[in-house]
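S.K.: Quick one: sequence plus predicted model below, questions after.
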Amino acid sequence: MSVPPPLSPPMARKQSPVIGFIADLLLAAGFLLCLSLACGLAWGLWRGVMVGMEAAKNGNGMPAGKELSGLLGDPGALAQILIALISTGGAALVLYFWRRRATPAERAQSHRNARRGTTWGWTLLVAACVFIGSSLISWIGKQFGIEPAPTNLPLMEQALANYPLLLVVFAVFLAPAYEELLFRRVLFGRLWAAGRPWLGMLLSGAAFALVHEVPGTSPNGLPEMLLLWLIYGGMGIAFAWLYRKTGTLWAAIAAHAINNAIALGALVWFGAQ
């Protein structure tokens, strides 16, 4: 979780860092999709068993067709949070240990950097700038009648009503850790190590935005989608800049956690607005 070592000249000549970035991104998407499908299948099997046991208890036969589909239903907030944790977190861990695992020297340097007071000063500053910048972009969009609703908002509201403690643990502690591991350490880190940090910030920020708002899965129109991409992309760039500035991924994780905590607090106090 520390400063990535520079690539050796022979490695740099063999493969373009952009190609390596694309390969990492495709691998991450593949693992995420496979784990999501596996989790969805496991949930469906579990629900099928529950429905079958309930039918047997009531002395009814196993329902079929549309009736069975209606009884199975859709994954609730708890199941969706667990699926997101296993799929995205699992993909991040696989890519980290396979492609960008930190050496003992990197980890030691990261810990030294994390003990510096300036590291946490920069962390607080970036977290504040991300909050102010996101709020400003949202306000400007609202002046033009663009008011997007993040795709994960219904999940957040449902989880807040039924599993508030789980939501806090997931949104403030777990999600920032595995997202920073994937988008900053693995994706941004590859281009940073190759001497292309600004390109890495842009590309990893774009990937961060696309994962949070996937085209075709959101009820938002194009203007709303573009506004959300701008917000999420700006966050990703800011967290990558902080990682490079401080030399420790813990700073980016902390800034991300602060941002999520503020968003969660705003949802509690002000609702979806």
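M.R.: Received, thanks.
S.K.: C-alpha from now on. contacts and neighbour counts both.
M.R.: Will do.
S.K.: residues near the closest residue to residue 149 other than its chain neighbours, how many?
M.R.: When the adjacent residues along the chain are set aside, residue 149 lies closest to residue 220, with 6.9 Å between them (C-alpha to C-alpha, 6 or more residues apart in numbering). The burial metric for residue 220, expressed as a neighbour count using other C-alpha atoms under 10 Å, is 19.
S.K.: Could you shift the numbering so residue one becomes 47, and keep it that way?
M.R.: All set: I'll call the first residue 47, so the last point we hit is now residue 266.
S.K.: element containing residue 266, please.
M.R.: Secondary structure from DSSP states H and E places residue 266 outside every helix and strand.
S.K.: Give me the pLDDT for it.
M.R.: Per-residue confidence for residue 266 comes out at a pLDDT of 86.
S.K.: Would you confirm that it contacts residue 193?
M.R.: No. Using C-alpha atoms under 8 Å, residue 266 is not in contact with residue 193; the gap is 9.0 Å.
S.K.: which residues of the chain score low on pLDDT?
M.R.: 47-60, 101-102, 105-118, 317-319 (pLDDT under 70).
S.K.: Would you point out which residue is most central in it?
M.R.: When C-alpha atoms, centre = their mean is applied to the chain, the residue found nearest the centroid is residue 225 (4.2 Å).
S.K.: Packing partners of the strand or helix carrying that residue?
M.R.: Using DSSP H and E, residue 225 sits within helix 221-226. Applying 3 or more C-alpha pairs under 8 Å, 6 or more residues apart in numbering; DSSP states H and E, one finds that helix 221-226 makes contact with helix 123-145, helix 295-316.
S.K.: Could you list every helix and strand in contact with the helix or strand following the longest one?
M.R.: Using DSSP H and E, the helix or strand that follows helix 123-145 in sequence is helix 150-160. Packing partners of helix 150-160 (3+ C-alpha pairs under 8 Å, 6+ apart): helix 295-316.
S.K.: Recalculate using a threshold of 10 Å.
M.R.: Where contact means 3 or more C-alpha pairs under 10 Å, 6 or more residues apart in numbering; DSSP states H and E, helix 150-160 is packed against helix 163-189, helix 268-292, helix 295-316.
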